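J.: how would this look folded up:
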Amino acid sequence: MQMEKPLITLRIDVDYPYPSRLRSFLYTGVGIRTSKEYLKNSKIVARMINESPRKVKAYWFFTPKTVPDKELLALLNNKRHEVALHVVNDPYGELKNLENLTGQRIRHYTIHGTERLFGRLMWRRWRRRAPRIPEGFPLQSFHQFPTLGLDSLCHTTSLDQALRKAEDHIRKGDVVYFHPIWLFQRGKLNHRGPFYEAFKRILSVDSELDYLTIIKKFSIRIARDQMEYERNIVPTAGLLQKLEDRRIDLFTFLERSWCCKIQNPEKSWAKADEDFALLNLNSYDEWLKNIGKKTRNMVRKAEKSGIRTSLAEPNGKLAEGIWKIYNETPIRQERGFPHYGISLQQVTRDILPRQNCTYVGAYFQDELAGFIQLVNGDNIAIISQILSMQKHLDKAVNNALLAKAIEVCAGKGVKWIMYGGMGNHPSLDNFKQSNGFTRIQLTRYYVPITRKGKVATKLGLHKEVKDRLPQPMKHIFIPIHNWLSRIRMKIRLHSKPKTVV
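T.: The predicted model follows:
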């Protein structure tokens, strides 16, 4: 029987009101209060706690400058939360003020630490020592409990180390504490944060953001899900709220129209067409019949040349074979090869944790001559990589690999196989077409989240430059792009010795 997870006790010191340090200093020192950014990180933390399937008790310690507004109080209106006092200067006066503004009975307190001169000036604490708590003060001190500073821990250790240590302390019944201002940013002077990733995993929330990747274009922050090819993605209001909380301007996703056609998309969503190589698979025999005599002969040639294909277990032996393929040559398909120079340790780290991948290997005299990495998705398999040794170029290794991968997919009942985009590499496009893949146009949506995102979509700034070029122009620029890629690789090899072990 699985043991129930222990209670997570949180101490949350809300000592600065804004995600921005500068804005927090202005408000704290001068009393300037601005916009909806007030207590933004605290609201994100509160939503995460409310969504968590684990047992959580959070004690929120507020200063006179961070008193919760109506929105935050609504989020704290359940048994998981308790409002408490973070004393700055005047224990009785601050207690009375907090109870009047929140309408809640306060039971616990902590003392705000301001050791540096700048901090004491901001908070008008003219003496270095902390304020004296009067005898008979009606609140219980929270300083008596053993605590672990999550934001400090995340600054000094790796994510895995932070998670292990935090869970150990939670099991012992210790209090986990942090300051919301360091949820996403890293402190330079006080060595705190960012602790979002660790906190998210401790609470077991925000799984829809696990595969989120963010890029910046013209100061526009664009997010997309790395698994958009493997699973259906339709943004919900909750997801868009979380993205807005994280200052994302645009969210982009691909419509998997072969299995999930989006009905009545929002008018505010911008659209762009992208060309992909897709194969609609019924059976291996039907595919072999339809690909044409020349391609069938290439598959047979590989077999006659001594190439043997089979499923490959993702282990150290496979990692070593892939590492050798990566480091055979710095130039592939007339371009600089980005994996050249990678270490064996890195290759091993990349392939061993992959749970949703299938590997097909091609072997010549027991040596890995090539491999395919298939990513298994919902109603589709994606060819993530197909590479072979250039010294075996005359043996049609890639044809053999692709044939075996299609045979494996057909055996599993996979109806669709995706082989990257089409239109940006003529020779590779020809290889795809000769193996039965056709060009299919899919729709990519761009969902504006902020005002900046709306302006970006209206100006067309969300589109990739290569997608704006007509096909004849691409054929002119592709050789130039390839040449520049080779030049960059030569500069890299000249300036930095190759390290592959």
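
J.: need the contact list for residue 187.
T.: 151, 155, 193 (Cβ atoms under 8 Å, 6 or more residues apart in numbering). Quick note: C-beta positions are derived from backbone N, CA and C, even for glycine.

J.: switch the cut-off to 7 Å
T.: When contacts are counted by Cβ atoms under 7 Å, 6 or more residues apart in numbering, residue 187 touches 155, 193.

J.: what kind of secondary structure is it in?
T.: coil (DSSP: H, G, I helix; E, B strand; the rest coil).

J.: nearest residue to the middle of this structure?
T.: residue 212 (3.4 Å; Cα atoms, centre = their mean).

J.: return the residues in contact with it.
T.: Taking Cβ under 7 Å, 6+ apart as the test, what residue 212 contacts is 223, 225.

J.: would you mind naming the residues that bridge with it?
T.: Beta-bridge partners for residue 212, by DSSP bridges, are residue 225.

J.: in the host helix or strand of residue 446, what counts as buried?
T.: Assessed by DSSP states H and E, residue 446 sits inside strand 438-448. Within strand 438-448, the residues that count as buried by 16 or more other Cβ atoms under 10 Å are 440, 442-448.

J.: and what about residue 263, helix, strand or coil?
T.: coil.

J.: how far away is it from residue 373?
T.: 34 Å (Cβ to Cβ, to the nearest Å).

J.: between these two, who's got more neighbours?
T.: residue 373 (21 against 6; other Cβ atoms under 10 Å).

J.: and stretch 247-259, end to end?
T.: Terminal residues of stretch 247-259 are spaced 31 Å apart (Cα to Cα, to the nearest Å).

J.: mind listing what's buried in it?
T.: 248-256.

J.: so which of the residues you listed sit within strands?
T.: In strands, defined here by DSSP state E, the members of the buried residues of stretch 247-259 are 250-254.

J.: out of those, flag the one nearest to residue 102.
T.: Among those, residue 251 lies closest to residue 102 (Cβ to Cβ), at 34.9 Å.

J.: ok, what's across the strand from residue 220?
T.: Beta-bridge partners for residue 220, by DSSP bridges, are residue 217.

J.: what number of residues lie near it?
T.: By the criterion of other Cβ under 10 Å, residue 220 has 19 neighbours.

J.: could you say what helices and strands the helix or strand harbouring residue 324 packs with?
T.: Here residue 324 sits within helix 316-326, counting by DSSP H and E. Counting contacts by 3 or more Cβ pairs under 7 Å, 6 or more residues apart in numbering; DSSP states H and E, helix 316-326 packs against helix 344-351, strand 367-377.

J.: reformat these as CSV; add mean pLDDT and distance to residue 140.
T.: Listed next are the helices and strands packed on helix 316-326 as CSV, based on pLDDT from 0 to 100; distance: least, Cβ to Cβ, whole Å:
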stretch, mean pLDDT, distance to residue 140
helix 344-351, 90, 48
strand 367-377, 96, 53
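
J.: any idea which of these is most buried?
T.: strand 367-377 (a mean of 21; mean count of other Cβ atoms under 10 Å).

J.: gap between the very next helix or strand once past it and the chain center?
T.: Later in the chain than strand 367-377, the nearest helix or strand by DSSP H and E is strand 380-388. How far strand 380-388 lies from its chain's middle: 22 Å, per Cα atoms, centre = their mean, to the nearest Å.

J.: contacts for strand 380-388 next, please.
T.: Contacts of strand 380-388 (Cβ under 7 Å, 6+ apart): 229-230, 325, 362, 369-375, 397-398, 401-402, 405, 409, 414, 416-420.

J.: same question for stretch 72-89.
T.: Outside stretch 72-89, the residues touching it (Cβ under 7 Å, 6+ apart) are 13-15, 39, 42-43, 46-47, 49-50, 56-64, 68, 94-95, 98, 102, 104, 106-112, 123-125, 131, 139, 142.

J.: just the buried ones from these?
T.: When those are checked against 16+ other Cβ under 10 Å, the ones flagged as buried are 13-15, 39, 42-43, 46-47, 49-50, 56, 58-64, 68, 94-95, 98, 102, 104, 106, 108-112, 123, 125, 139, 142.

J.: in helices only, show me the residues you listed.
T.: 42-43, 46-47, 49-50, 94-95, 98, 102 (DSSP state H).

J.: report the contact partners of residue 109.
T.: Taking Cβ under 7 Å, 6+ apart, one finds 84-85, 87, 139, 141-142 in contact with residue 109.

J.: so how far is stretch 154-172 off the chain centroid?
T.: 20 Å.

J.: buried sites along that stretch?
T.: 154-155, 162-163, 166-167, 169-170.

J.: of the residues you listed, which is the nearest to residue 456?
T.: residue 154 (31.9 Å).

J.: do I have it right that the closest one meets residue 162?
T.: Yes. Using Cβ atoms under 7 Å, residue 154 is in contact with residue 162, at 5.1 Å.

J.: between the two, which contacts overlap?
T.: Common contacts of residue 154 and residue 162 (Cβ under 7 Å, 6+ apart): residue 198.

J.: let me see the domain layout of this protein.
T.: Residue ranges for the domains of the chain, per automatic domain parsing: 8-205, 212-274+443-468, 277-441+477-495.

J.: quick one: average confidence on the shortest one?
T.: Looking back up the chat, that one is domain 212-274+443-468. Domain 212-274+443-468 shows a mean pLDDT of 90 in the predicted model.

J.: likewise for the first one?
T.: Computed over domain 8-205, the mean pLDDT rounds to 90.

J.: now the end-to-end length of it.
T.: End-to-end distance (Cα to Cα), domain 8-205: 14 Å.

J.: how far is it from where the chain is centred?
T.: 26 Å.

J.: quick check, pLDDT for the residue nearest to residue 493 when sequence neighbours are not counted.
T.: In space, and not counting its chain neighbours, residue 493 is closest to residue 330: 6.2 Å by Cβ to Cβ, 6 or more residues apart in numbering. Here, the pLDDT recorded for residue 330 equals 87.

J.: pretty sure residue 330 is touching residue 494, no?
T.: No. Using Cβ under 7 Å, residue 330 makes no contact with residue 494, being 11.2 Å away.

J.: so these two - more neighbours on which side?
T.: residue 330 (18 against 8).
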